[in-house]
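Trainee: Predicted model and sequence follow; I will ask about them next.
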Amino acid sequence: MLSKSLDIFSTTIGKKLLVAVTGLLVCLFLVFHLLNNLIIFTGPENFNQLVAALEKIKPLIRVMEFLLLIIFITHIYNSILLTVNSKKSRSTDYEKFSNKSSSIYSRTMFLSGSILLIFIITHLSTIWFNFQNIDDHDIYYYFVTESIYGFGNIFITILYLVSMFLLGFHLRHGFQSAFKTLGVENSKFEKLINAVSVLFWFFIPLGFFSIAFWFGILDGGKWLH
C-alpha cells in the first residue's frame, strides 16, 4: 500500500509536487537565514554573540542542516528530471511557441538554478566549512566581512551579488508556480499569494544582496569616511 502511494512521486505530477513543496520549504529557510544574517549590520559584538549562541545548540543545528540537505537534493534532483523530460517531449514548433509565450523568469529557471547551485557549493566550502573550525568566538564578524573566505574576497562577493540577483529571478517564477502546482491558481487566495511572493523574490534577495554590497563593495562604509 505504501509503495503504491509512493509511486506518484515517479510521475511528472509527483515530481512537480516535490519541487513545489521543497521550494516553499527553502523559502522559509531563507527568511530565517536572512533574519540571522542581518544582525551583521548591528556590529561585531552582536553578530559574534549570535553565532556563538548557535554553536551551543550545534546538535540541533546539525539535524536541521541534514533535513535542509535532503530538501535541497530533492528539489534539485527532481527539477533536473523535469527539465530533461520536458525538453525530450517538446517538438521544435511547440518549443518555439512555448518560448514566446512563457516569461523570461520561467525560461531562465534552469540557468538561474544552476548558478545558484554553484553559489551554494562555494558558500558551503568557504564560510560554512571554515566556521566549523573556528574556536575564537570573537572573529566570526571579521571572518565574514574581511577574510578571503568572505567578503574580503572580491570574487566571492561578485558571485554572491550575481547569485542574489538570480535568486530573485528564480523565486519570481518558482514561488507562484509552486502554489499553482498545489492547486491554488485562480482561487480567492491568488492575490494574497502574489502579494506575499514579492517578499520572497524581491525583499529577501535584496536583503542578502545588501549585505554583500555593503561589506564586499563598500567595505562596510569605511571608504565613505
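Mentor: That came in fine, so what should we check first? Note that the structure is predicted; figures quoted are calculated from it, not measured. Numbers count the residues shown, from 1 in each chain.

Trainee: quick one, what contacts His75?
Mentor: 18-19, 22-23, 26 (Cβ atoms under 8 Å, 6 or more residues apart in numbering). Any C-beta I mention is one placed from the backbone N, CA and C, and that applies to glycine too.

Trainee: What separation is there between it and Gln49?
Mentor: The gap separating His75 from Gln49 is 32 Å, by Cβ to Cβ, to the nearest Å.

Trainee: One more: Leu167?
Mentor: If you measure Leu167 against Gln49 using Cβ to Cβ, the figure is 28 Å.

Trainee: who has more neighbours, the two?
Mentor: Leu167 (24 against 15; other Cβ atoms under 10 Å).

Trainee: Does that one fall in a helix, a strand, or a coil region?
Mentor: Going by DSSP: H, G, I helix; E, B strand; the rest coil, the secondary structure assigned to Leu167 is helix.

Trainee: For it, which non-adjacent residue is spatially closest?
Mentor: Closest residue in space to Leu167, ignoring its immediate chain neighbours: Pro205 at 4.5 Å, by Cβ to Cβ, 6 or more residues apart in numbering.

Trainee: Phi first, then psi, for the one you found.
Mentor: For Pro205, the backbone dihedrals are phi -60, psi -40 (criterion: degrees, to the nearest 10).

Trainee: Please report the number of neighbouring residues for it.
Mentor: Neighbours around Pro205, by other Cβ under 10 Å: 22.

Trainee: likewise Ile57?
Mentor: Per other Cβ under 10 Å, the neighbour tally for Ile57 reads 10.

Trainee: What of Lys16?
Mentor: Neighbour number of Lys16 under other Cβ under 10 Å is 18.

Trainee: got the contact list for it?
Mentor: 78, 82, 181.

Trainee: wait, the residue nearest to Leu167 sits on Phe165?
Mentor: Yes - with contacts counted by Cβ atoms under 8 Å, Pro205 reaches Phe165, the gap being 7.0 Å.

Trainee: Spell out the secondary structure type for Gly183.
Mentor: Applying three-state DSSP: Gly183 is coil.

Trainee: how about the top helix by length along the chain: buried residues?
Mentor: Of all segments of type helix in the chain, defined using DSSP state H, the longest is helix 58-89. In terms of neighbour count (16 or more other Cβ atoms under 10 Å), helix 58-89 has its buried residues at 71-72, 74-76, 78-79, 82.

Trainee: What of stretch 127-145?
Mentor: 127, 140-141, 143-145.

Trainee: Which pair of those residues spans the longest distance?
Mentor: Ile127 and Tyr141 (12.1 Å; Cβ to Cβ).

Trainee: picking up where we left off before, CSV please, covering the buried residues of stretch 127-145 and showing secondary structure and pLDDT.
Mentor: Putting these into CSV (DSSP: H, G, I helix; E, B strand; the rest coil; pLDDT from 0 to 100) gives the following:
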residue, secondary structure, pLDDT
Ile127, helix, 92
Tyr140, helix, 95
Tyr141, helix, 96
Phe143, helix, 95
Val144, helix, 96
Thr145, helix, 96
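
Trainee: from those, which is closest to Ile39?
Mentor: Distance to Ile39 across the buried residues of stretch 127-145 (Cβ to Cβ) is lowest for Tyr141, with 9.8 Å.

Trainee: My guess is the closest one contacts Gln49. True?
Mentor: No - counting by Cβ under 8 Å, Gln49 is not a contact partner of Tyr141; they are 10.0 Å apart.
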